[in-house]
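1. build me a model from this:
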Amino acid sequence: MLPAYHTGISGAGALKNLRRLHGKQKLQFLWDYYKLPLAVLCIAVSVAAYSIYGHMTQKNTILYTALINVTAGEELRQNLTDAFLKSIDIDSSKNNCQLYTGLYLTEDMNSAYHAYTYASRMKILAAIDARQMDVALMDQEAFDAFSQNGYLYEMDCFFSEHTPLYETLKPYFAENTVILKDNSLDLYFDETAIYDAETETHVMGIDLSGSPVIQKAGFRDTVYLGILKNTLHKDAVIEFLQYLYS
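-> Below you'll find the model as predicted:
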């Protein structure tokens, strides 16, 4: 029969009891007396190991790209991510391109994608706020929304100098309207108010119909590229544009 012991036993008493035990009795004693600190230790080791593994295997994101109201097949997804990395000699085992898909913005109540608009808007705003969206490929409706809300770079501001790439892209520059200020808030409190806005027109995006990469995807409607005003990866955006028109 095992000697009597309990969790309230003193450290010195525990060691004394441990020396008197042998074989399975010693293992049972260790388990009963130290199972709580051992469990805590195991959890701590597991958390530390998981953290170290995650840090060592985490990939560096070169570019964040969003597809909004645009559906991409597997080939286009590969072209916008791994193929792009390969074109600029970046190791895809340590780096990646984040591609957001399944995002839809539409005011058309009859659209099959209208039900996804609210959730998409939240995801888009979160990504922009976190500065984790560098470029967006969009249809006309999404391009209008991004431009009006002031999310996009003006092309002349993005290309501070007229580089060879600027001259290549210039024929495909697309203008859109930016809302400087409006009375939309007044409409919530006064149903008789008439919407009024102060706007300007600027070159806010690029028509991708001239891109060999996009041409291969076979889109029926025009796809536009916009550059997010708060991008942290301007050099990668330039390389991405060069890739799209190479």
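
2. what residues sit buried inside stretch 136-151?
-> Applying a neighbour-count criterion of 16 or more other CB atoms under 10 Å, the buried positions in stretch 136-151 are 136-139, 141-148, 151. Any C-beta I mention is one placed from the backbone N, CA and C, and that applies to glycine too.

3. among these, which pair sits farthest apart?
-> In these, two members sit farther apart than any others by CB to CB. They are 137 and 148, at 17.9 Å.

4. closest one of the buried residues of stretch 136-151 to residue 243?
-> The shortest approach to residue 243 among those belongs to residue 137, at 13.3 Å (CB to CB).

5. tell me if the closest one really is in a strand.
-> Yes: going by DSSP: H, G, I helix; E, B strand; the rest coil, the assignment for residue 137 places it inside a strand.

6. touching, it and residue 71? I think so.
-> No: Residue 137 sits out of contact with residue 71 when judged by CB atoms under 8 Å, with a separation of 10.7 Å.

7. burial check on residue 191, number of neighbours?
-> Residues near residue 191, counting by other CB atoms under 10 Å, number 6.

8. so who does it touch?
-> The neighbours of residue 191, taking CB atoms under 8 Å, 6 or more residues apart in numbering as the test, come to nothing; the list is empty.

9. any idea how far residue 109 is from it?
-> Per CB to CB, to the nearest Å, residue 191 is found 20 Å from residue 109.

10. what about residue 199, distance to residue 157?
-> Computed as CB to CB, the residue 199 to residue 157 distance reads 18 Å.

11. could you check how many residues crowd around the nearest residue to residue 139 once chain neighbours are set aside?
-> Taking CB to CB, 6 or more residues apart in numbering, and ignoring the residues beside it in sequence, residue 139 has residue 69 as its nearest neighbour in space, at 4.1 Å. Residue 69 is flanked by 23 other residues according to other CB under 10 Å.

12. swap in residue 169?
-> Neighbourhood size, residue 169 [other CB under 10 Å]: 21.

13. can you check residue 154 too?
-> The local packing count at residue 154 equals 18, with neighbours defined by other CB under 10 Å.

14. that one and residue 206 touch, don't they?
-> No: under the criterion of CB under 8 Å, residue 154 lies out of contact with residue 206, with a separation of 11.9 Å.

15. setting aside sequence neighbours, what's the nearest residue to residue 88?
-> Nearest non-adjacent residue to residue 88 (CB to CB, 6+ apart): residue 239, at 5.3 Å.

16. could you export the helix or strand hosting that neighbour as PDB, CA atoms only?
-> The secondary structure element spanning residue 239 is helix 234-244 (assigned by DSSP states H and E). As requested, the backbone C-alpha atoms of helix 234-244 are provided in PDB (Å, rounded to 0.1, in the frame of the first residue of the first chain):
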ATOM      1  CA  LYS A 234       5.000  51.500 -53.300                       C
ATOM      2  CA  ASP A 235       8.100  49.800 -54.900                       C
ATOM      3  CA  ALA A 236       6.200  46.500 -55.100                       C
ATOM      4  CA  VAL A 237       3.200  48.200 -56.700                       C
ATOM      5  CA  ILE A 238       5.500  49.600 -59.400                       C
ATOM      6  CA  GLU A 239       7.000  46.200 -60.000                       C
ATOM      7  CA  PHE A 240       3.500  44.700 -60.100                       C
ATOM      8  CA  LEU A 241       2.500  47.300 -62.800                       C
ATOM      9  CA  GLN A 242       5.600  46.500 -64.800                       C
ATOM     10  CA  TYR A 243       4.700  42.800 -64.600                       C
ATOM     11  CA  LEU A 244       1.100  43.300 -65.700                       C
END
